[in-house]
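Enquirer: Dropping a prediction and its sequence here:
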Amino acid sequence: MHPYLKLDHIDKVFTRGNASTEVLKDINLTIDKGEYVSIIGHSGCGKSTLLNIVAGLTTTTMGCVLLENREVNSPGPDRAVVFQNHSLLPWLTVYENVRLGVDKVFASGKTRGERDAWTMHNLNLVQMAHARDKRPSEISGGMKQRVGIARALAMEPKVLLLDEPFGALDALTRAHLQDSVMALHQKLGNTILMITHDVDEAVLLSDRIVMMTNGPSARIGEVLDVPLARPRKRLELATNAGYLKCRQRVLEFLYERHRFVEAA
Amino acid sequence: MNMHALKTEPDAAVEAVVVATAAAPVVALTPKRAPRAEKYAKMAKETAVRVVPPLIVLALGMLFWELVCQRAGSTLPPPSRVFKETKELIFDPFFDRGGIDKGLFWHMSASLQRVALGYSLAAVAGIALGTLVGQSVWAMRGLDPIFQVLRTIPPLAWLPLSLAAFRDGQPSAIFVIFITSIWPIIINTAVGIRNIPQDYRNVAAVVQLNPLEFFWKIMIPAAAPYIFTGLRIGIGLSWLAIVAAEMLIGGVGIGFFIWDAWNSSHISEIILALFYVGIIGFVLDRIIAGMAQIVTRGTALN
């Protein structure tokens, strides 16, 4: 069987004038359908660049991204992104923000009524239907991120890309949203690629954790399988030996073998 | 989520209370609302706070003017004489005795029509050019230095050239309005477009908006606060330019009315016209500001 999403020998070099920095070096990764993969690494290691490459927002210097055996090198709704700072358009209501994507993706596939129903269905999935006519400035940070998730889900992406989706939220809201994402993944079976710098979040949510070495020339240092049964319960896992072992492995990788060296 | 839970809590509490005291008679509580008279009194007070101070200043100014200009041999008329001499113009703005002997309404409306036409053209062309300069690095490199030079040319300096080109007063005046108000619109639009957050561009790319959809759905709303700043400066400038341009091209219009009054030594009429010009300029500015507020609601926040 062919892999669903494949990152094939990806190099990325940023060039500015005469100076060039190699950010990513020889990244190889395959992701199966329905899998939840997290990429973790210290800040500045190029993990966001890698996600942008998969999203098509940044081009590779070498190598390519294959989705269902087809090269993808420009952005599209089949790889919808949930951005770190939600990126809702402030002049549109919650409903209109989601509808914008729906109207484009299903321009010919669905009638007006079906598109409306589909928009509301996705708002319901993230429990935001009650705020449909509110503007982004009128709802909390966690709610904005929910709408961001609904917007991405509504495009029926083949791969859902999450760029540190909970980074800007307080701890309680973050836990709440992590549970929601877990439930959605369980229910819809999306293929998800998530960037994070939170070890607990990575272990709790992922099937596999990709650990990146420090940049420049960041590589994939290690890939860890998380053999925990789903559905996972936050409280039960806190004392689960398997969970603690995975957590330990990631922490060791990040803080012993690849300690973040503060730029002098 | 949390909000939801919070919202339902009071209801649950109420229900619990109702259950506990099922036998007790239900007392309907009407929420306390401020009496209507009180609300109106508050509104009147707020209005008074804004209106009374400028009125006092105006009254004091008039009094001072009256005292200074009342003595014999004064070059300018006092307000009382201005009112006496322009009573006919004030109370009958609609008379039309042919030629340029018309009421002030007709002069104003002729000027406003020129401004409306020139300014509308400038708004459309300015937003289009501003978008081009803001979006394309090469357009900016090519056009921006030229705009920076052209925009410093005083409006009236364009008039002889446009008279030579159009050979008629009307289109020349409209052209002067156009060329005066277009620069701030171009420059502000370009800055607005350049300041569109990369996030919004990424969203548009993921959703795959085509260039036209991107223009209408992302660029214009995102840059709207900047565009309206340009539009507001533009309307102010075009109202400044129209009076001067009309003094030179003649015909019906508030500018030539003032010039004509000067030539006939009707100083009171000049003062009345200046008063009207100021009021209309203020109203035009408020109209654009009001439009900005309606269009950019939500955008400025967040």
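Expert: Cool, the structure landed. Residues are numbered from 1 along each chain as shown, chains lettered A, B, ... in the order given.
Enquirer: Give me the nearest residue to the most centrally placed residue in chain A, chain neighbours excluded.
Expert: When Cα atoms, centre = their mean is applied to chain A, the residue found nearest the centroid is A:L162 (1.8 Å). Excluding its sequence neighbours, the residue lying closest to A:L162 (Cβ to Cβ, 6 or more residues apart in numbering or on different chains) is A:M194, at 4.0 Å. Heads up, the C-betas are built off the backbone N, CA and C, glycines and all.
Enquirer: Okay, and the beta partners of that neighbour?
Expert: With DSSP bridges as the criterion, A:M194 is bridged to A:S38, A:L162.
Enquirer: Tell me the spacing between it and chain B.
Expert: Per Cβ to the nearest Cβ, to the nearest Å, A:M194 is found 16 Å from chain B.
Enquirer: Low-confidence bits of chain A, can you list those?
Expert: For chain A, the stretches with pLDDT under 70 are A:1, A:260-264.
Enquirer: what residues does the stretch 101-250 of chain A put near chain B?
Expert: Neighbours of chain B within the stretch 101-250 of chain A, by Cβ under 8 Å from any Cβ of the partner chain: A:101, A:104-105, A:127, A:130, A:135-137, A:140, A:142-143, A:146, A:155, A:172-173, A:176.
Enquirer: tally of neighbours for residue 122?
Expert: Going with chain A. Neighbour count for A:N122, taken as other Cβ atoms under 10 Å in any protein chain shown: 24.
Enquirer: Let me rephrase: I mean chain B.
Expert: B:A122: 27 neighbours (other Cβ under 10 Å).
Enquirer: Check the offset of the helix or strand hosting it from the chain's centre.
Expert: When elements are assigned from DSSP states H and E, B:A122 belongs to helix B:104-135. Distance of helix B:104-135 from its chain centroid, counting by Cα atoms, centre = their mean, to the nearest Å, is 12 Å.
Enquirer: And the next helix or strand past that helix?
Expert: Immediately after helix B:104-135, counting by DSSP H and E, sits helix B:137-150.
Enquirer: What helices and strands are in contact with that next one?
Expert: helix B:104-135, helix B:169-194 (3 or more Cβ pairs under 8 Å, 6 or more residues apart in numbering or on different chains; DSSP states H and E).
Enquirer: so the longest one versus helix B:169-194, what angle?
Expert: Pointing back at helix B:104-135 there. Angle of helix B:104-135 versus helix B:169-194, following axes from the mean of the first three to the mean of the last three Cα atoms, to 10 degrees, is 40 degrees.
Enquirer: what's helix B:104-135 packed up against?
Expert: Short answer (3+ Cβ pairs under 8 Å, 6+ apart): helix B:104-135 packs on helix B:137-150, helix B:169-194, helix B:220-249, helix B:254-263, helix B:267-295.
Enquirer: The fourth one to helix B:267-295, inter-axis angle?
Expert: Meaning helix B:254-263. Using the same axes, to 10 degrees, helix B:254-263 lies at 160 degrees relative to helix B:267-295.
Enquirer: buried residues in helix B:254-263?
Expert: B:I254, B:G255, B:F256, B:F257, B:I258, B:W259, B:D260, B:A261 (16 or more other Cβ atoms under 10 Å in any protein chain shown).
Enquirer: Would you mind checking which of the residues you listed is nearest to chain A?
Expert: Of all the buried residues of helix B:254-263, chain A sits closest to B:I254, with 37.8 Å by Cβ to the nearest Cβ.
Enquirer: Is the closest one in contact with B:V277, as I believe?
Expert: Yes - with contacts counted by Cβ atoms under 8 Å, B:I254 reaches B:V277, the gap being 6.1 Å.
Enquirer: shared neighbours of these two, anything?
Expert: Residues within reach of B:I254 and of B:V277 at once, by Cβ atoms under 8 Å, 6 or more residues apart in numbering or on different chains, are B:V243.
Enquirer: And the closest residue to A:S217 other than its chain neighbours, how far from chain B?
Expert: Spatial nearest neighbour of A:S217, chain neighbours left out: A:K25 (4.2 Å); criterion: Cβ to Cβ, 6+ apart. Noted for A:K25: a distance of 25 Å to chain B, by Cβ to the nearest Cβ.
Enquirer: I'd assumed A:K25 was in a strand, is it?
Expert: Yes - A:K25 sits within a strand when classified using DSSP: H, G, I helix; E, B strand; the rest coil.
Enquirer: wait, what's in contact with it?
Expert: In this structure, A:K25 makes contact with A:D11, A:S217, A:A218, A:R219, judged by Cβ under 8 Å, 6+ apart.
Enquirer: go on, B:F95?
Expert: Residues near B:F95 by Cβ under 8 Å, 6+ apart: B:K102, B:G103.
Enquirer: Could you say which helix or strand holds A:E236?
Expert: According to DSSP H and E, A:E236 maps onto helix A:234-237.
Enquirer: So which elements touch that helix?
Expert: Checking 3+ Cβ pairs under 8 Å, 6+ apart, helix A:234-237 ends up next to helix A:171-188.
Enquirer: redo that, cut-off 10 Å
Expert: Helix A:234-237 sits against helix A:171-188, helix A:199-205, helix A:241-252, with contacts defined as 3 or more Cβ pairs under 10 Å, 6 or more residues apart in numbering or on different chains; DSSP states H and E.
Enquirer: so how far is it off the chain centroid?
Expert: 23 Å.
Enquirer: in that helix, what's buried?
Expert: Those would be A:L237, for helix A:234-237 by 16+ other Cβ under 10 Å.
Enquirer: Quick check: A:V13 is in a strand.
Expert: Yes - according to three-state DSSP, A:V13 belongs to a strand.
Enquirer: The nearest residue to it once chain neighbours are set aside and A:S43, how far apart?
Expert: The shortest distance from A:V13 to any non-neighbouring residue, by Cβ to Cβ, 6+ apart, is to A:T61 (4.5 Å). Applying Cβ to Cβ, to the nearest Å, the value for A:T61 to A:S43 is 22 Å.
Enquirer: The two: which has the busier surroundings?
Expert: Shown here are A:T61 and A:S43; by other Cβ under 10 Å, A:T61 has more neighbours (16 against 11).
Enquirer: contacting residues around that one?
Expert: A:I10, A:D11, A:K12, A:V13, A:F14, A:T15, A:S20, A:E22, A:V23, A:L24, A:I53 (Cβ atoms under 10 Å, 6 or more residues apart in numbering or on different chains).
Enquirer: how about a cut-off of 7 Å?
Expert: A:T61 makes contacts with A:D11, A:K12, A:V13, as judged by Cβ atoms under 7 Å, 6 or more residues apart in numbering or on different chains.
Enquirer: how many neighbours does the closest residue to chain B within the stretch 151-264 of chain A have?
Expert: Relative to chain B, the nearest point of the stretch 151-264 of chain A is A:H176 (6.1 Å; Cβ to the nearest Cβ). Residues lying near A:H176 (other Cβ under 10 Å) number 16.
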